[in-house]
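A.B. asks: sequence and predicted structure are below.
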Amino acid sequence: MNNSEIIKRFDEQEFVLATIDQITKDFLKVGIKLEFLPEHTQSAGSLIEYLNNELEIVMREAPSLLTRLFYLVDIPETNIREIFDSSDLPSRDLADLLLLRAAQKVYFREKYKSSSL
């Protein structure tokens with residue numbers, strides 16, 4: 001599996017909605033309620049922009065929740081540290097990372113649900 005294969009799936013509305021559902025569940029598990037509007041589902045870019053805005057708020061108001069979120073969604077600490085050390089827009093890069101991770105979960109769930117093991 002490579003990330004370009006997953007990114008191509010964002011052309012499919014059903015995949016986008018499943019990814020949004022995954023993101024919503026992950027955030028809710030750490031106490032952050034997200035409310036996606038229809039305009040957020042138009043493209044991966046609009047999803048990233050919405051997540052970017054939400055992450056900026058969390059970074060300002062409750063940064064400890066981010067650590068819990070990253071642990072929950074299984075994003076390595078080295079990736080997080082690298083973003084904070086080198087990025088001019090850490091919330092945007094974190095949004096990218098979180099969206100990709102949620103999409104990976106959806107992708108694998110679909111792949112293994114449809115395969116006969």
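C.D. replies: Thanks, I have it.
A.B. asks: and the longest helix along the chain, what's buried?
C.D. replies: Looking across the chain with DSSP state H, the single longest helix is helix 90-114. Burial within helix 90-114, assessed by neighbour count using 16 or more other C-beta atoms under 10 Å, is assigned to 90-107. Glycine gets a C-beta too; all of them are placed from N, C-alpha and C.
A.B. asks: show me the shaky parts of this structure.
C.D. replies: Judged by pLDDT under 70, the chain has its weakly predicted residues at 1, 115-117.
A.B. asks: just the strands in it please.
C.D. replies: Assigned by DSSP state E, the strands in the chain number zero.
A.B. asks: quick one: the helices in it, in order.
C.D. replies: Per DSSP H, the chain carries helices over the ranges 3-8, 13-29, 44-61, 63-72, 77-86, 90-114.
A.B. asks: any chance of those in TSV, with distance to residue 38 too?
C.D. replies: As requested, those are exported to TSV (distance: least, C-beta to C-beta, whole Å):
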stretch	distance to residue 38
helix 3-8	21
helix 13-29	11
helix 44-61	10
helix 63-72	25
helix 77-86	29
helix 90-114	17
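A.B. asks: out of these, flag the one nearest residue 36.
C.D. replies: Closest approach to residue 36 among those is made by helix 13-29 (5.3 Å; C-beta to C-beta).
A.B. asks: residue 80: neighbour count?
C.D. replies: Residues lying near residue 80 (other C-beta atoms under 10 Å) number 18.
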